[in-house]
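Novice: Mind folding the following:
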Amino acid sequence: MTNFILRRLGQSIILLLIMSVLVFAGMYVISDPVAVMAGEDATEADRQALARSFGLDQPLPIQYLTFLGKIVQGDFGTSFVYGRPVLALIFERLPATLEVVFLAILVGLAVGIPLGIYSGLNRKKAPTKVISFGTTVGYSIPNFWQALLFILVFAVWLRVLPASGRGPTTEIFGVGWSVFNAEGLRYVILPAANLAVALICMQTRLARSGTQEVMYQDYMMFARAKGIARSRLIGRHLLRNILIPIVTITGLELGTLIAFSTVTETVFSWPGIGKLLLDSIYRSDRPVVVAYMILATLMFVLINLVADIIYAILDPRIRYS
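Specialist: Here you go, the predicted structure:
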């Protein structure tokens, strides 16, 4: 296991370097940050002075090596637009994204797994057909359209939930959280529900297919023949054996939602890191975009590594040499 972890970390460093080169060069090709920051009324002298102040007058390889050297020292640079350290901007927005994503993940697991197990155990019953139809529809609706429907129904027609923004927060360990504030929680519900719908549909399908496969394994048929209680059979034998694919997909979805929940955050004007990324791309704020992508890649690598370790805990037959 130790060799596996070290090898995976070595691969991660190479992956991070490749990602940083691609994003850095891509932002250079897409737009000119000097033109965006200077505006239309700036003179050529103003543009040159602005470029010198940010080091943008240097050749692109020199700019990249300078940026890379600062990253090694823990300095991801300063935002062209906000004039603040990039890490401070990202970590300032991160709690807003984390509370929406984790709430969506919890709802997805809490609703999707029981529905999937029920569907797998009762394949021919009418509720199973309803669940199957609902997961197909829920997974097919575009995320942005679903968000607009939520706003229309719950904010415009029923007027029970706010349509946008982040409500009041309660500070815990120096960080403000909306989920721990009664009024702030109302603002979290719609963005979290918008993310949770696809997760519920996915977890339901995974749990259903896993249940149908596991229930006909020899050890499960033997356990049923021994007269083991149905609740124990499901909780101890079935659930543990269907969790491996669920852990895999949940890990990938967790990373994806944290890094790229841009549509939901934009529609609901949620001040998370996804909206920060979209605004930074629009404004050609290269330090923010590059640092964001590097951190997102690192997060994906770490989540996958944790998922691999959980595999070995859930199934002792899995070993890494």
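Novice: Tell me which stretches of the stretch 51-200 of the chain form helices.
Specialist: With DSSP state H, counting those that start in this stretch as the criterion, the stretch 51-200 of the chain has helices at 60-72, 86-121, 126-140, 143-150, 182-214.
Novice: To residue 283, which of those lies closest?
Specialist: Put simply, out of the helices of the stretch 51-200 of the chain the one that sits nearest residue 283 is helix 86-121, at 12.4 Å, with distance taken as C-beta to C-beta. C-betas here are computed from N, CA, C, even on glycine.
Novice: and the closest one with helix 182-214, angle?
Specialist: Between helix 86-121 and helix 182-214, the angle comes out at 50 degrees (axes from the mean of the first three to the mean of the last three C-alpha atoms, to 10 degrees).
Novice: distance of the closest residue to residue 105 other than its chain neighbours from residue 142?
Specialist: By the measure of C-beta to C-beta, 6 or more residues apart in numbering, the closest residue to residue 105 outside its immediate chain neighbours is residue 254, 6.1 Å from it. In this structure, residue 254 and residue 142 are separated by 21 Å, where distance is defined by C-beta to C-beta, to the nearest Å.
Novice: Those two: which has the busier surroundings?
Specialist: When residue 254 and residue 142 are compared on other C-beta atoms under 10 Å, the one with more neighbours turns out to be residue 254, at 20 against 9.
Novice: Specify the angle between the one helix or strand the more buried one maps to and helix 86-121 in degrees.
Specialist: Residue 254 is part of helix 239-260 when elements are defined by DSSP states H and E. Interaxial angle, helix 239-260 versus helix 86-121 (the same axes, to 10 degrees): 150 degrees.
Novice: Spell out for me which residue occupies the centre of the chain.
Specialist: residue 257 (2.0 Å; C-alpha atoms, centre = their mean).
Novice: is it true that that residue touches residue 101?
Specialist: Yes: look at residue 257 against residue 101 with C-beta atoms under 8 Å: they come within range, at 4.4 Å.
Novice: what do the two both touch?
Specialist: Shared contacts of residue 257 and residue 101 (C-beta atoms under 8 Å, 6 or more residues apart in numbering): residue 195.
Novice: Quick one: end-to-end distance for stretch 76-84.
Specialist: Distance across stretch 76-84, first residue to last, is 11 Å (C-alpha to C-alpha, to the nearest Å).
Novice: Name the spans of the stretch 201-321 of the chain whose pLDDT lies under the cut-off.
Specialist: By pLDDT under 70, the low-scoring segments of the stretch 201-321 of the chain are 311-312, 314-321.
Novice: Would you mind pulling the contact partners of stretch 20-32?
Specialist: Among residues not part of stretch 20-32, those counted as contacts by C-beta under 8 Å, 6+ apart are 33, 60, 63-64, 67-68, 71, 284, 286, 289-290, 293-294.
Novice: cutoff 6 Å now
Specialist: With contact meaning C-beta atoms under 6 Å, 6 or more residues apart in numbering, stretch 20-32 is reached by 60, 64, 284, 286, 289-290, 293-294.
Novice: Let's see which of the residues you listed end up in helices.
Specialist: When the contacts of stretch 20-32 are checked against helices using DSSP state H, the ones located there are 60, 64, 286, 289-290, 293-294.
Novice: can you tell me which of those lies nearest to residue 106?
Specialist: When the ones in helices among the contacts of stretch 20-32 are compared for distance to residue 106 (C-beta to C-beta), residue 293 comes out closest, at 27.0 Å.
Novice: Now the closest residue to the closest one other than its chain neighbours: which helix or strand?
Specialist: Setting aside the residues directly before and after it, residue 293 is nearest to residue 23 in space (C-beta to C-beta, 6+ apart), at 4.6 Å. Element membership for residue 23 (DSSP H and E) is helix 2-30.
Novice: And the next helix or strand past that helix?
Specialist: The helix or strand immediately downstream of helix 2-30 is helix 33-38, counting by DSSP H and E.
Novice: Let me see the mean pLDDT of that following helix.
Specialist: The average pLDDT within helix 33-38 is 73.
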